[in-house]
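Novice: mind looking at a prediction? Sequence and model below.
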Amino acid sequence: MVENTLRVGSISEGFVLDHIQAGYSMEIYKHLNLDKLDCCVAIIKNAKSNKMGKKDIMKIECPIDFMDLNILGFIDHNITVNIIQDQKIVEKKALQLPKQIRNVIKCKNPRCITSIEQELDHIFVLTDEASETYRCKYCEEKYDGRLRAKKIKAK
């Protein structure tokens with residue numbers, strides 16, 4: 001009998017992102033701009049999980065000051081971030097919804113100042129934590145949530 005086990009080596013410094021919603025790791029890869037960095041990334045898709053059924057896991061070997069936890073918290077604040085130094089977990093970080101995100105999503109309102117002033121940052125502010133609602137700082141356009149993992153699961 002062949003055991004279906006995948007072994008991915010340890011990393012010396014970086015992050016292990018655990019409890020990623022199954023099938024969503026490539027979106028995270030894209031939004032963290034990992035394709036533009038010269039670092040080692042292992043993506044495990046659809047791993048078995050007692051808690052979630054299936055999940056994705058990412059191992060990212062890079063300097064620990066690289067990771068933007070606000071982007072991760074915005075995408076899915078249920079992801080567990082394990083910080084690795086000297087091949088050991090030195091800290092586990094719980095993510096939160098960031099109060100503000102900058103240049104992660106773009107305002108879709110054609111009358112917004114960001115449509116006219118192309119160099120202006122796209123800033124969205126958390127206006128309702130219970131419903132996880134973000135609005136444009138300039139025109140208050142509500143963000144439709146297409147980037148967020150929970151919203152994609154619900155579709």
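Specialist: Great, that's in hand.
Novice: thought Ile20 was touching Asp76?
Specialist: Yes: Ile20 lies in contact with Asp76 (C-beta atoms under 8 Å); the separation is 7.0 Å. C-beta coordinates here come from the backbone N, C-alpha and C atoms, glycine included.
Novice: the two: who's more crowded?
Specialist: More neighbours surround Ile20 than the other of Ile20 and Asp76, with 26 against 23 (other C-beta atoms under 10 Å).
Novice: part of a helix, is that one?
Specialist: No: counting by DSSP: H, G, I helix; E, B strand; the rest coil, Ile20 falls outside a helix, being strand.
Novice: three-state assignment of the residue nearest to the spatial centre of the chain?
Specialist: The chain has Leu72 as the residue nearest its centroid, 2.9 Å off, counting by C-alpha atoms, centre = their mean. For Leu72, the assignment made with three-state DSSP gives helix.
Novice: output the below-cut-off pLDDT ranges for the chain.
Specialist: Counting by pLDDT under 70, the chain shows low-confidence ranges at 1-9, 145-155.
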